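1. Can you look at this prediction? I've put the sequence above it.
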Amino acid sequence: MTFTKKIIIISGHYGSGKTNIAVNLAKKLVTEGKKVALVDLDIVNPYFRAADNRAELEALGIRCILPQFANTNVDVPTLPPQIHSVFVSDETVIFDVGGDKDGAVALGVYRNAINKAGYDMIAVVNMYRPLTATPEDTLENLREIEDNCSLSFTGFINNSNLGEETTAADVEASLSYAKAIEKMTSLPLIATSYVESLHVTLDTLAMPIRDITKKIY
């Protein structure tokens with residue numbers, strides 16, 4: 001899994017695991033010697049966000065750009081002004097975008113600068129979420145996101161999981177779903193991700209990750 005563009009946008013449906021992918025990807029890139037910035041553009045869901053991992057990420061040298069009221073009791077959608085700095089920096093920049101059309105509208109504010117810098121926009125898909133359980137529903141969701149941010153997906157990551165109940169068999173069962181999406185959209189499957197403790201049998205598109213999602217119960 002290699003990215004060559006300056007901007008990497010991680011988007012998809014609510015609950016698909018976007019933040020988990022974004023944080024794991026940021027950590028992977030910095031271990032490869034890249035300067036990395038992570039922009040938390042999730043103004044939709046205040047409960048699971050990149051801000052939860054700020055201390056760990058900054059300890060690794062990853063610059064975190066967060067909404068003003070992230071991880072406070074104030075739930076006010078804001079776009080951090082520091083975002084503009086990433087377009088003139090020498091960093092690889094990961095955007096963790098809120099779900100569906102609402103998050104896409106926020107992303108669209110920066111579409112001109114994103115297009116100028118060069119980007120990959122990666123959809124995170126999960127067949128175990130109710131509204132993306134079929135390739136057809138997933139395609140509809142992706143098209144809605146594209147329409148509302150005026151940017152186009154360039155690939156997708158199959159992150160099909162059932163949280164802590166996920167088994168290797170669940171991950172392997174999602175491969176036909178991923179192949180169907182690849183055929184319907186003509187987007188390349190970048191990887192199939194799974195928690196690294198699972199013993200999953202996959203090809204070179206395997207992406208073992210750590211589950212960094214906070215537990216609220």
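-> Alright, I've got the coordinates.
2. I'd assumed Gly155 was in contact with Leu187.
-> Yes - counting by CB atoms under 8 Å, Leu187 does reach Gly155; the two are 5.4 Å apart. Glycine gets a C-beta too; all of them are placed from N, C-alpha and C.
3. For Thr192, I want the exact helix or strand it lies within.
-> strand 189-195 (DSSP states H and E).
4. hmm, back to that, what's the overlap in contacts for Leu187 and Gly155?
-> Common neighbours of Leu187 and Gly155, counting by CB atoms under 8 Å, 6 or more residues apart in numbering, are Ala123.
5. Can I get the helix or strand bottoming out on mean pLDDT in the chain in PDB, CA atoms only?
-> Counting by mean pLDDT, DSSP states H and E, the chain has its least confident helix or strand at helix 100-108, which shows a mean of 85. Coordinates of each C-alpha in helix 100-108 appear next as PDB, following Å, rounded to 0.1, in the frame of the first residue of the first chain:
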ATOM      1  CA  ASP A 100     -21.700  10.800   4.600                       C
ATOM      2  CA  LYS A 101     -22.800  14.100   3.000                       C
ATOM      3  CA  ASP A 102     -22.500  16.300   6.100                       C
ATOM      4  CA  GLY A 103     -18.800  15.500   6.500                       C
ATOM      5  CA  ALA A 104     -18.300  15.700   2.700                       C
ATOM      6  CA  VAL A 105     -19.600  19.300   2.700                       C
ATOM      7  CA  ALA A 106     -16.900  20.300   5.200                       C
ATOM      8  CA  LEU A 107     -14.300  18.700   3.000                       C
ATOM      9  CA  GLY A 108     -15.600  20.500   0.000                       C
END
